[in-house]
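Asks: kindly return the folded structure for what I paste below:
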Amino acid sequence: RDLISVDDVMEELGLGPNGSLIYCMEYLLENLDWLQDELESFDDDEYLILDCPGQIELYTHIPVMRRVIDQMRMWGYESSMMSTFVVDATFVCDAPKFISGSLLSLSAMIAMELPHVNVLSKCDLVEEERVDRILDVESATELWSMEEYASSAAAAFDDDDGAKKDDDDEEISKEERKLIELRRRKRNRLTEAICSLLDDYTMVSFLPLNITDEDSIDHVLSVVDHTVQYGEDIECRGAEQDDTAEDEDGDK
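Replies: Modelled structure (predicted):
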């Protein structure tokens, strides 16, 4: 916002939110020296988090973020960079949305080519059993099969219920059902292909994050630290140092 803001672009150029965001990111690319100066103002041992926009087109359709990352590599940040893809648990509690979120994550992971961690945020707003049920499934194809089974059971129940209608309604219902079934089969073929793609890569997994659970926060942080090897150059406290400290305490 110190360089440019979406609100200012919307007001001055009359663009919509997405168009203004793309304009801002392209403006950043033209002023990368500003970003470099900002990054160099921090010490080498400081932990930097760049909160990036959530619009997926910035990572998949337009190579804006990739160019920023490539430039940061040239500045010497390559060994300490990683990306974290955050998806709301409230968004992925049902199978189709979870598969969609997984595909977006995979797309961003491939486009950015960085060590990558997926985080399922806002787990405190969703029942833990629902989150565990989604995360415990080993493959996207299996998850979709479970969804299809549940949908088929619900459809069979609706058919039994609809048998009580009169003949005219039943004829109309049959035609509608044929169209619905045709669209469902086409959609299912696409979904099955997406699930197969996710299973072939076997790269997408999520860490649940519950901000009310300290252990959950520590686990996500430790995974991120391990990914960028943060703190590994810090000298370990040896036994001799511990003995010296104990002797000093005893002397006091």
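Asks: assign T84 to one of the three secondary structure states.
Replies: At T84, secondary structure determined by DSSP: H, G, I helix; E, B strand; the rest coil is strand.
Asks: from P17, how far off is the closest residue to it other than its chain neighbours?
Replies: Distance criterion C-beta to C-beta, 6 or more residues apart in numbering; nearest residue to T84, sequence neighbours excluded, is V117 at 5.0 Å. Every residue, glycine included, has its C-beta placed from N, CA and C. Noted for V117: a distance of 28 Å to P17, by C-beta to C-beta, to the nearest Å.
Asks: list the strands paired with the helix or strand containing the residue nearest to T84, with their directions.
Replies: Using DSSP states H and E, V117 maps to strand 116-121. Paired with strand 116-121 in the same sheet, following DSSP bridges, are strand 83-88 (parallel), strand 207-208 (parallel).
Asks: now render the ones you listed as CSV, adding mean neighbour count and distance to S222.
Replies: Below are these laid out as CSV (neighbours: other C-beta atoms under 10 Å; distance: least, C-beta to C-beta, whole Å):
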stretch, mean neighbour count, distance to S222
strand 83-88, 19, 13
strand 207-208, 19, 10
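Asks: so for C123, which of these sits nearest?
Replies: strand 207-208 (4.6 Å; C-beta to C-beta).
Asks: can you list contacts of that closest one?
Replies: 89, 117-120, 123, 131, 135, 216, 219-220, 223 (C-beta atoms under 8 Å, 6 or more residues apart in numbering).
Asks: got CSV for the strands paired with strand 116-121, with mean pLDDT and distance to D51 too?
Replies: CSV is the format used below for the strands paired with strand 116-121 (pLDDT from 0 to 100; distance: least, C-beta to C-beta, whole Å):
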stretch, mean pLDDT, distance to D51
strand 83-88, 89, 10
strand 207-208, 89, 18
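Asks: coming back round to it: number of nearby residues for the residue nearest to T84?
Replies: 20 (other C-beta atoms under 10 Å).
Asks: show me what contacts it?
Replies: 82-85, 207, 220, 223-224, 227.
Asks: which one's the longest helix in this structure?
Replies: helix 167-201 (DSSP state H).
Asks: low-confidence ranges, the chain, go.
Replies: The chain contains residues with pLDDT under 70 at 1, 138, 146-172, 231-252.
Asks: please enumerate the helices of it.
Replies: 6-13, 17-30, 32-40, 57-60, 64-74, 95-112, 128-135, 140-162, 167-201, 214-228, 239-251.
Asks: angle of the longest one against helix 95-112?
Replies: It refers to helix 167-201. Orientation of helix 167-201 against helix 95-112 (axes from the mean of the first three to the mean of the last three C-alpha atoms, to 10 degrees) gives an angle of 30 degrees.
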